[in-house]
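Peer 1: quick one, what's the 3D model for this:
(chains A and B)
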Amino acid sequence: MERKFYDLNISFDKNFVQRAKKLGLSGICLVANSKENIEDYLEKIKEIKKNETNIDIITGILIDEKADKILKIAKNVRRKVELVLVAGGNYEINRIACSSDYIDILCHPDKGRQDPGIDHICCREAREHDTIIELNFRELLTATGMEKIRELNKMKEIIRLCNKTKAKFIVNSGAKNIFELRGGRELCSLSFCLGASLYDSLLANSEIAEKLILKNREKLNKKIAGVENGR
Amino acid sequence: MEDRTKTLPSSYREKKRYIIFEVISEQKIEFEELIKAVFSYTINLIGILGVAKTNFRFLHDLYDREKQRFVLRCLPKDVELIRFALSLITEINEKRVCIRSLGVTGTIKSARRKYLENFEY
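Peer 2: Numbering: from 1, shown residues only, chains lettered A, B, ... in the order given. Next up is the predicted model:
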């Protein structure tokens, strides 16, 4: 059976759907910023879903705010969308994201930093609270020269920490235009080349992502075990 | 005596893998441009020594101009590395591109059969 690959951080745009199909992705999360109107966004996603049947389109909100506002926004959007993502880069934000049950994915914790942005404490918290740490492929594509080396080094460190603490990680394309989108195997090859085992890197972008989505969908539909159909 | 080494027995030869790639672009990419870009990006990522160690080879005969598909040969353990190196290509001669891997095969014959079926050679 062929693996289903997911990309859980793509900017919200209709054009991505066709390209993702061509690249063989089974599901994509078209992410909107938390500052945008969520109702409008959900309606647009509904329209896209009507036309597309072969690809799973997931709703997600990226919270790009200061540390004190993150949890409040996360609580608000949790019941409206399937995925809640937080834009990392600041240690305080990274730590909050890792230690919260409301947040699913911590995006690019190393953005704009010299270090990976997370430590063993963050990773342990992430494992306990089922938060996935993201490696952003776009960060690599946009970097040049020495920057690229530094980016790869930071990503290697993140993978090493995740392996050591058994925290979950995922490689997302973070695409903002269709040429930045990559296939599932290409995304997996990044984590494999940086030290993860082939099994772990394949699992990260397929089964782990799929399980997370199914779990969140069940919660949204109020089909928690023993409380079927919201009873 | 002929100045030529004997062909190695198959068990003595190094194992190979053939990776089939497809170029997705707005405009058609010339084959020469493609070769240059592929080599420069792989050398950029893994260095000259790294490329040499992977037994990296471009299979010129198997380039499909219509579908923009090409085949690379490397060692089995370096398949993911080559895949990653090529996924970093964003531009070829100022044309925006995205390179996608279609699959990996153990022989040229199966690469032709599975991915280059309508290919004329």
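
Peer 1: switch to C-alpha atoms for all contacts and neighbour counts from now on
Peer 2: Noted.

Peer 1: just the C-alpha atoms of stretch A:2-22, please, in PDB.
Peer 2: This file holds the C-alpha atoms of stretch A:2-22, laid out as PDB (Å, rounded to 0.1, in the frame of the first residue of the first chain):
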ATOM      1  CA  GLU A   2       1.300   3.400  -0.900                       C
ATOM      2  CA  ARG A   3       2.000   5.900   1.900                       C
ATOM      3  CA  LYS A   4      -0.100   9.000   2.200                       C
ATOM      4  CA  PHE A   5       2.000  12.100   2.600                       C
ATOM      5  CA  TYR A   6       0.800  15.300   4.200                       C
ATOM      6  CA  ASP A   7       2.000  18.900   4.200                       C
ATOM      7  CA  LEU A   8       0.600  20.700   7.100                       C
ATOM      8  CA  ASN A   9       1.800  24.300   6.500                       C
ATOM      9  CA  ILE A  10       1.000  25.900   3.200                       C
ATOM     10  CA  SER A  11      -0.200  29.500   2.700                       C
ATOM     11  CA  PHE A  12      -3.900  29.800   1.900                       C
ATOM     12  CA  ASP A  13      -4.300  29.900  -1.900                       C
ATOM     13  CA  LYS A  14      -6.500  27.900  -4.300                       C
ATOM     14  CA  ASN A  15      -3.600  27.300  -6.800                       C
ATOM     15  CA  PHE A  16      -1.800  25.100  -4.300                       C
ATOM     16  CA  VAL A  17      -4.400  22.300  -4.500                       C
ATOM     17  CA  GLN A  18      -3.700  21.400  -8.100                       C
ATOM     18  CA  ARG A  19       0.000  21.500  -7.600                       C
ATOM     19  CA  ALA A  20      -0.200  19.400  -4.500                       C
ATOM     20  CA  LYS A  21      -2.100  16.800  -6.400                       C
ATOM     21  CA  LYS A  22       0.500  16.800  -9.100                       C
END
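
Peer 1: tell me where the longest helix sits in chain A.
Peer 2: For chain A, the longest helix by residue count, based on DSSP state H, is helix A:146-165.

Peer 1: list of residues touching the lengthiest helix in chain B?
Peer 2: The single longest helix within chain B, with elements called by DSSP H, is helix B:31-53. Applying CA atoms under 8 Å, 6 or more residues apart in numbering or on different chains, the contact partners of helix B:31-53 are B:58, B:63, B:82, B:85, B:86, B:88, B:89, B:92, B:93.

Peer 1: next step: those restricted to helices.
Peer 2: Mapping the contacts of helix B:31-53 onto helices (DSSP H) picks out B:82, B:85, B:86.

Peer 1: what helix or strand is the residue of chain A at minimum distance from chain B on?
Peer 2: Sorted by distance to chain B under CA to the nearest CA, the residues of chain A start with residue A:189, at 5.2 Å. Applying DSSP states H and E as the criterion places residue A:189 in helix A:184-193.
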